[in-house]
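J.: Let me see the structure of the following:
(chains A, B, C and D)
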2 protein chains.
Amino acid sequence: MKPRTRRGGGRPTIADVARLAGVGAITVSRALREPERVSESLRKQIQQAVEELGYLPDPNARALASARAEVFGVLVPSLTNNVFAEVVRGIYDSLSDSPFRVQLANTHYSGLEEERLLQLFLSQRPAALIVSGIDQTEAARRLLDNAGCPVVQIMEIGPDPVDMMIGFSHFEGGRVATNHMIEAGYRRVGFLGARMDPRSQRRLAGYRAAMEAAGLFDPRLVTTTPVLSSVTLGRDLFRDALAKMPSLDGVFCNNDDLALGVLFECHRASIAVPQTIGITGFNDLDMMQVAFPSVTSIRTHRYEIGRQAVTMALAAIGGERPENRIKDLGFDLKRRESTARPADR
Amino acid sequence: MKPRTRRGGGRPTIADVARLAGVGAITVSRALREPERVSESLRKQIQQAVEELGYLPDPNARALASARAEVFGVLVPSLTNNVFAEVVRGIYDSLSDSPFRVQLANTHYSGLEEERLLQLFLSQRPAALIVSGIDQTEAARRLLDNAGCPVVQIMEIGPDPVDMMIGFSHFEGGRVATNHMIEAGYRRVGFLGARMDPRSQRRLAGYRAAMEAAGLFDPRLVTTTPVLSSVTLGRDLFRDALAKMPSLDGVFCNNDDLALGVLFECHRASIAVPQTIGITGFNDLDMMQVAFPSVTSIRTHRYEIGRQAVTMALAAIGGERPENRIKDLGFDLKRRESTARPADR
DNA sequence: CGGAATGATGGTAGCGCTACCATCATTCCG
DNA sequence: CGGAATGATGGTAGCGCTACCATCATTCCG
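T.: Take a look at the predicted model:
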């Protein structure tokens, strides 16, 4: 931690490069940002000077002068959640070779926090914003509408996008998962849900639609909690559900953590899976296919959502508006042992 | 996406606030950064003007003028890894009420990538840097030595810190875990390791030290791969290890993902845990205590490492040098069913 | 009670870039 | 072949802040 002489601290600036290359500062600036607009000979001289001095542009000065920071603002509701970790990884991977940096923040599933962070992000004038979900508060929505940059809403799709959207239907996911269990022969299929954010609510709605269509819905089959999801919680919710309704013969879990908790509890209590209880999860984490028995789940394309959100934003920054502003990446039902009920019954 | 009129785009600036409050711009600047140096009456006027205009300081202009960005640069080797996700969460949580932003990047376990990102970060003049591990390349080490800001190396401890350090000894973790298995009565204890980054190597070294001390070491007990860790991989490594050495009676897994893969494979192959095979993991993810049987693991304090790294950096920014620059947060051995071998044997 | 110390406030210049406009050379084409 | 279009380069000003220094009022104390 050596003290810096007043301001700057001796790092080379664009003026140093210009001097060494024998050109104007603005030409250096151009050579770095729009090389095709500078003659090849000057470009080479400049490149050499840059390397000789180890020059790196100051992103802060750049942002101030151009009224636009080379930053992607990314808002996610959680950082521990595996699902968002993968979305974020997709975003980082897609941006690592670009000049853009990522500004990530955690809303902790709070709309107010989202507003505050949005304000903060906008004070930097980001190049693009990526936000999670479609249930922004009115104030947040207004901020996004006037963001002055491309905005991508991720993880879900719905009507009326701020700008662009990429995700899938959680309602359909819940419906398909539940239908699968009904078709597999389960009748008293419970729903286990933690946290119950808007996406969880939609999965529950899908579950309910499927159960009602089959004439099987019973509100006592639904067990939810606002508590954050965990494997431990899956065990606890399952115990509650069984206590409430001993005739339960299957559970559709809001996510794989819960499903895993149920699976472990079944082992511990010697409940046969899939014979006595069927289990379906959501998200299809890596471990679901290795579990014993392997666990049926809805595979979602998290990493791909992150990647494509960046691609869409990058295109929009480049001035290309996609013909379709809403992209449905869908999901896949992975049928596994945990719902393979013997045909006889 | 409305086009912005040239520069600025109409957002209120510090000059607008100053005008409205009837003070000089510099006084506004001070009222925001060092309120105690401004009289109460002016402070109130300024506060009111700020609110009326919805003024937010431009972080880029701030960084440029003060030659110091309010940014914490954070380098982690992985974003999917649960362990780093929690460290990162600790960092974000500790910083969310401060003026500091987080600049996070993923080195993908590459030293060269770390150098490149460090260069990039330093061009922003961050307020502090948090880097993972103690095995920086020479060039990276040089960059850190001259960073001109507090530097915290996290996750590990060792001699010769760049500046500050917080973590624990992976060697000791490996040794303690292995000793526990030996004491529990296991003799042919295998080591399963994925990725084998420096921290994994040290856990392996700890394992080896314990086995050698007990006269039990055999190189054929060690099964490692450079492949990224996953539950699936745990299963595969375990199968390999068993094929190589059918007399195996326990495994110490480099991390909990692998341990879980082993557990599931034991279920599938009807291998009794802990009777026939004992299992110990590393990190103690939430699910280890819920698993059936519950899995012995080394609990590490990831979230706390993230939090305290920030606390240390913040103190250093404030000019307080800790008397102890190296902080060992230790770890806890969690004994569970997976290594509770019946006493008789 | 008068000079020195202290505290509050403000003006000026500058941080390192890029937007905007100007200039000059070269190419184009009727 | 001459004026217009095009392309390459550069100068100037300004982005929105804060470091540095100056000024003035107030307090302190022998």
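J.: Just want the residue of the stretch 151-300 of chain A that's nearest DNA strand C.
T.: Closest approach of the stretch 151-300 of chain A to DNA strand C (C-beta to the nearest atom of the strand) occurs at A:Val151, with a separation of 21.0 Å. From N, CA and C alone the C-beta is placed, and that goes for glycine too.
J.: That residue: neighbour count?
T.: For A:Val151, the number of neighbouring residues by other C-beta atoms under 10 Å in any protein chain shown comes to 23.
J.: Might you enumerate the residues of chain A proximal to DNA strand C?
T.: Contact residues (C-beta under 7 Å from any atom of the strand) of chain A with DNA strand C: A:7-9, A:11, A:13-15, A:25-26, A:29, A:32-33, A:55, A:57-58, A:61-62, A:64-67.
J.: near DNA strand D, which of those residues show up?
T.: Answer for the residues of chain A next to DNA strand C near DNA strand D (C-beta under 7 Å from any atom of the strand): A:7, A:25-26, A:61, A:64-65, A:67.
J.: Highest neighbour count among those?
T.: Neighbour counts for those peak at A:Leu64, which has 21 neighbours (criterion: other C-beta under 10 Å).
J.: Next secondary structure after the helix or strand where it lies?
T.: Secondary-structure assignment from DSSP states H and E places A:Leu64 in helix A:59-66. Along the chain past helix A:59-66, the next helix or strand (assigned with DSSP H and E) turns out to be strand A:71-76.
J.: Quick check: neighbours of that next one in the sheet, parallel or antiparallel?
T.: Next to strand A:71-76 in the sheet, as set by DSSP bridges, lie strand A:101-106 (parallel), strand A:128-132 (parallel).
J.: Mind telling me what element the nearest residue to A:Ile326 once chain neighbours are set aside is part of?
T.: For A:Ile326, ignoring the flanking residues on the chain, the nearest one in space by C-beta to C-beta, 6 or more residues apart in numbering or on different chains is A:Met165 at 4.7 Å. Per DSSP H and E, A:Met165 falls inside strand A:164-168.
J.: and that strand, average pLDDT?
T.: Summarised as a single mean, pLDDT over strand A:164-168 is 98.
J.: Check stretch A:100-107 too.
T.: Taken as a whole, stretch A:100-107 has an average pLDDT of 95.
J.: got it, and stretch A:244-264?
T.: Summarised as a single mean, pLDDT over stretch A:244-264 is 97.
J.: Can you give me the buried ones in it?
T.: Buried residues in stretch A:244-264, defined by neighbour count with 16 or more other C-beta atoms under 10 Å in any protein chain shown: A:248-264.
J.: mind listing which of those residues are in helices?
T.: Restricting these to those inside helices, with DSSP state H as the criterion, leaves A:256-264.
J.: Turn these into a markdown table, columns for distance to B:Asp236.
T.: Listed next are these as a markdown table, based on distance: C-beta to C-beta, whole Å:
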| residue | distance to B:Asp236 |
| --- | --- |
| A:Asp256 | 20 |
| A:Asp257 | 23 |
| A:Leu258 | 26 |
| A:Ala259 | 23 |
| A:Leu260 | 20 |
| A:Gly261 | 25 |
| A:Val262 | 26 |
| A:Leu263 | 21 |
| A:Phe264 | 22 |
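J.: For A:Lys244, state which of those is nearest.
T.: A:Lys244 has its nearest neighbour among those in A:Val262, at 14.5 Å by C-beta to C-beta.
J.: didn't the closest one look like it was pressed against A:Phe191?
T.: No. At 11.9 Å, A:Val262 does not count as touching A:Phe191 under the criterion of C-beta atoms under 8 Å.
J.: Which neighbours do the two have in common?
T.: Residues touching both A:Val262 and A:Phe191 (C-beta atoms under 8 Å, 6 or more residues apart in numbering or on different chains): A:Val251.
J.: which bits of the stretch 51-200 of chain A sit near chain B?
T.: Proximity of the stretch 51-200 of chain A to chain B (C-beta under 8 Å from any C-beta of the partner chain) is limited to residues A:56-61, A:63-64, A:67, A:69, A:79-80, A:82, A:85-86, A:88-89, A:92-93, A:96, A:101-106, A:119-120, A:122-125, A:146-150, A:163.
J.: quick one: average pLDDT of stretch A:128-147?
T.: Mean pLDDT, taken over the full extent of stretch A:128-147, equals 96.
J.: chain center to that stretch, what's the gap?
T.: Average the C-alpha atoms of stretch A:128-147, do the same for its chain, and the two points are 15 Å apart (C-alpha atoms, centre = their mean, to the nearest Å).
J.: Please report phi then psi for A:Asp97.
T.: When quoted as degrees, to the nearest 10, the phi and psi of A:Asp97 stand at phi -100, psi 10.
J.: Next, count neighbours for the residue nearest to A:Ile326.
T.: By other C-beta under 10 Å, neighbour count at A:Met165 equals 24.
J.: A:Gln201 now?
T.: One way to gauge burial is a neighbour count; for A:Gln201, by other C-beta under 10 Å, it gives 17.
J.: do A:Glu320 as well
T.: The burial metric for A:Glu320, expressed as a neighbour count using other C-beta under 10 Å, is 10.
J.: Equivalent analysis for A:Asp135, please.
T.: Applying other C-beta under 10 Å, we find 17 other residues in the vicinity of A:Asp135.
J.: With A:Glu113 instead?
T.: By the other C-beta under 10 Å criterion, the neighbourhood of A:Glu113 contains 17 residues.
J.: And for A:Arg202?
T.: For A:Arg202, the count of nearby residues is 21 (other C-beta under 10 Å).
J.: can you check A:Arg43 too?
T.: Under the criterion other C-beta under 10 Å, the count of neighbours that A:Arg43 has is 19.
J.: To which secondary structure element type does it belong?
T.: Secondary structure, DSSP: H, G, I helix; E, B strand; the rest coil: A:Arg43 is helix.
J.: pretty sure A:Thr232 contacts B:Met288?
T.: No. Under the criterion of C-beta under 8 Å, A:Thr232 is not in contact with B:Met288, lying 10.2 Å apart.
J.: These two: who's more crowded?
T.: More neighbours surround B:Met288 than the other of A:Thr232 and B:Met288, with 25 against 16 (other C-beta under 10 Å).
J.: how much space between that one and B:Phe264?
T.: Between B:Met288 and B:Phe264 the distance is 13 Å, computed by C-beta to C-beta, to the nearest Å.
J.: Contacts only, for A:Arg199.
T.: Taking C-beta under 8 Å, 6+ apart as the definition, contacts of A:Arg199 comprise A:133, A:155-156, A:170.
J.: Turn those into a markdown table, including secondary structure, distance to DNA strand D and neighbour count.
T.: Compiled in a markdown table, the contacts of A:Arg199 are given as follows (DSSP: H, G, I helix; E, B strand; the rest coil; distance: C-beta to the nearest atom of the strand, whole Å; neighbours: other C-beta atoms under 10 Å in any protein chain shown):
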| residue | secondary structure | distance to DNA strand D | neighbour count |
| --- | --- | --- | --- |
| A:Gly133 | coil | 31 | 21 |
| A:Met155 | strand | 33 | 26 |
| A:Glu156 | strand | 35 | 21 |
| A:His170 | helix | 40 | 27 |
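J.: where does chain A dip in pLDDT?
T.: Under the criterion pLDDT under 70, the flagged ranges of chain A are A:1-9, A:344-345.
J.: hang on, A:Met287 in a helix?
T.: Yes. A:Met287 forms part of a helix when assessed by three-state DSSP.
J.: so how many other residues sit close to the nearest residue to it once chain neighbours are set aside?
T.: Spatially, and ignoring its direct neighbours in sequence, A:Met287 is nearest to B:Val231 (3.8 Å; C-beta to C-beta, 6+ apart). Number of residues near B:Val231 (other C-beta under 10 Å) recorded here: 23.
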